[in-house]
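1. Fold the following for me, if possible:
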Amino acid sequence: MLLYDDGIRRLTVRYVQLRGGTYFYRRRYPADLAAIFGGAAFKFQSLKTRSPAEAAKRAVRMAAEDDAEWSALRTNTGDMPSATPKDVRRLATVKLYKLGFAPGEKLHEYDLEHVHDALRDKHQASMEAYRHEHGGELPDPRDYLDLVDREMLRQAHGRPAPICLSDALDYYLKEHSKGRQKKFADDKRRSIAHVLRVTGADLPLIEYRKKHAEAVRDDLLNGRKTQSVRRHLNDIGAVFQKGIIGFDLQIARHPFTSVAIRDEREDTKRKLPFSPSELEVIVNAARLADDGLRHMAAILVNTGARVSEIVGLKCSDVVLEGTVPFIVIEPDTTVGRTLKTKGSKRKVPLVGISLWGAKRALERACIGHSGGWLFPKYISARTTGKLTVQSGSAGPSVPMMMRHRPAGSLPLRAEVTTSDGYARFDS
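-> Down below sits the predicted model:
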C-alpha cells in the first residue's frame, strides 16, 4: 500500500489491501509451514479501520507477530508473543510433523512408541534427576513435560482437545446477553488476564487447583480494596462455571468457588448521604449556574437515579405532560444504552429541583443540535459512572450520595398516570 509519495520520497506498507473502504492484512503463508495452517495459501484478516495511517500501524504490528510465530514454529523454541492454546497446538503439530507424521494423522502403536522415545530422549536428564530424588519413583509426565510436549502427546493419542480458560471466556461472552458490550467484555477479559498472568499459562479448566485461585487472590490484593478483589473473583468464577456447564465437563466444584478474603469489607469507607443543608447548597448553586452540568445534578437530587441513567437520557425520555411529570429510564439497544440491572428499568417522577433541572435541560437541548440527547456534551462519557458535583461550601462529592438521601428530604410516595397505564413510585 502506498502511504506517502511527494515525487522524491515514497513510503509503502506491505501486506495491506483496501476492499470496500476497509483495510485488510493479506500475507502469504511460508511454503514450509502451509500444512500447519490447514493448507491455506494466505492469511487474510480485516484491520478494522478505514484510516490508512492506522492500517499501516496495525499491519506492521501483525507482520512482526507473524514473523515471531513462524520463527518459533521453525525452530521449535516456543518463544512466541502470546502462548495461546492455538499457538501451543500449532507448535505441537510442527513437532509431530518433524517426526514424520502428517497433521491430523491417526498414529498406530509403533508410531506412538516413536513419539514417546523422542520425548524420553529430550527429557532424559529431568527424569533421571526426579528418580534419583524420589528413590527410583517414575515421575508424572506433567512434572517435566511443557505445554507443547503435552499437547503433542494429546494429538498423538487422538484425545479431544482440552477446554482451556480462554475457551471458557470466549463461550461465556458468546452466550451472555451483554457479551457484545465493550465495557462488559473488557471487564471480564481483564479479570481472566490476572489468572493467565499469575499462573503463567492458559491451562485446561480441569488442571486449575485451589492453589491457583489463592495465588490469584493474593496478587489482586496488592493495591486493591477487598470489594474490588471480590468482584474480580466473582467474574472469574462465573467464567469457570459457564465453561464447566457449557462444555459438559465433569468438574464438581471449580477452585474459585468460595475463595476467602481476609478482613473482607473492613477497608470499605462508608459514604454518608448529603445532609438537608448540603442539599440546599447544591440546589442554590445549580439554580445560580444554570448550565448543563448543574441541570444534571439537579435531576439527581430528587430522583435518586444513577449518573449513567441521567447522562444517557434522550429528550423523548422526559415527559412533562400529565398530573406528575416523569423521566423514563430504560435500555435502548439501538444507541447502545444499557442499564445496570433488569430491575433498573422504571419511570421516576420529577418534583422540586429535579423538575426544574429537567425542564431547563430540555429547553437547552431543543435549542442546539443535540442529536436527541438531553445532555449531548457528556454522552460520550455517560458510562463512566462517576461525576463530581462542586456546590459551594458543600465541597466536591459523588452523586451516589444522592441515592442515599436522609429521611424526610423527599416525598415518600408519588403516583403517575400515563397513557400506557398506572405506575406507583416509592422513594
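
2. Show me how the chain divides into domains.
-> 2-75, 85-157, 165-246, 276-426 (automatic domain parsing).

3. for those domains, which one sits closest to residue 253?
-> Closest approach to residue 253 among those (Cβ to Cβ): domain 165-246, 9.4 Å. Using the backbone N, CA and C atoms, a C-beta is placed for each residue, glycine as well.

4. What are the buried residues along the helix ranked longest in the chain?
-> Identified as the longest helix of the chain according to DSSP state H is helix 52-75. Using 16 or more other Cβ atoms under 10 Å as the test for burial, helix 52-75 gives 55-56, 58-59, 62-63, 66, 69-70, 72-73.

5. same question, stretch 114-127
-> By 16+ other Cβ under 10 Å, the buried positions in stretch 114-127 come out as 115, 118-119, 123, 127.

6. Now it: average pLDDT?
-> Throughout stretch 114-127, pLDDT has a mean value of 79.

7. can you check stretch 226-235 too?
-> 95.

8. Can you give the contact residues for that stretch?
-> Residues from elsewhere that reach stretch 226-235 (Cβ atoms under 8 Å, 6 or more residues apart in numbering): 187-188, 190-192, 194, 213, 216-217, 220-221, 256, 259, 261, 263-268.

9. For the closest residue to residue 51 other than its chain neighbours, give me the pLDDT.
-> What sits nearest to residue 51 in space, not counting adjacent residues and going by Cβ to Cβ, 6 or more residues apart in numbering, is residue 23, at 7.9 Å. Turning to residue 23, the model gives it a pLDDT of 90.

10. out of the buried residues of stretch 114-127, who's nearest residue 108?
-> For those, the nearest to residue 108 is residue 115 (11.1 Å; Cβ to Cβ).

11. Against residue 326, how distant is the closest one?
-> As for residue 115, its distance to residue 326 is 71 Å (criterion: Cβ to Cβ, to the nearest Å).

12. returning to what we had before: in helices, which of the buried residues of stretch 114-127 appear?
-> Those of the buried residues of stretch 114-127 lying in helices (DSSP H): 115, 118-119, 127.

13. With respect to residue 248, which of those is nearest?
-> When those are compared against residue 248 (criterion: Cβ to Cβ), the nearest one is residue 115, at 28.8 Å.

14. what about the stretch 251-400 of the chain, any weak spots by pLDDT?
-> The stretch 251-400 of the chain contains residues with pLDDT under 70 at 336, 368-370, 380-400.

15. picking that back up, mind checking which of the contacts of stretch 226-235 are buried?
-> Buried members of those, scored by 16+ other Cβ under 10 Å, are 188, 191-192, 194, 213, 216-217, 220, 256, 259, 261.

16. between those, which is nearest residue 376?
-> So of these, ranked by how close each gets to residue 376 (Cβ to Cβ), first place is residue 188, at 30.1 Å.

17. Name all residues that make contact with that closest one.
-> Contact partners of residue 188, counting by Cβ under 8 Å, 6+ apart, are 169, 172-173, 235, 239.

18. which residues does the residue nearest to residue 51 form a beta bridge with?
-> Note on residue 23: beta-bridge partners residue 18, judged by DSSP bridges.

19. The one 5 residues further on too?
-> Residues in a beta bridge with residue 28, per DSSP bridges, are residue 42.

20. Residue nearest the middle of this structure, spatially speaking?
-> Geometric centre of the chain, nearest residue: residue 186, 1.8 Å, by Cα atoms, centre = their mean.

21. For it, what is the enclosing helix or strand?
-> Taking DSSP states H and E as the definition, residue 186 sits inside helix 182-199.

22. Following element in sequence after that helix, please.
-> helix 210-220.

23. Run the chain-centre distance for that next one.
-> Relative to its chain's centre, helix 210-220 lies at 20 Å (Cα atoms, centre = their mean, to the nearest Å).

24. Tell me what angle the helix or strand following that helix forms with helix 182-199.
-> Downstream of helix 210-220, the first helix or strand assigned by DSSP H and E is helix 226-246. Relative orientation of helix 226-246 with respect to helix 182-199: 90 degrees, computed using axes from the mean of the first three to the mean of the last three Cα atoms, to 10 degrees.

25. all strands for the protein, in order.
-> Taking DSSP state E, the strands of the chain run over residues 2-5, 10-12, 16-19, 22-28, 42-46, 318-319, 326-329, 346-349, 413-418, 421-426.
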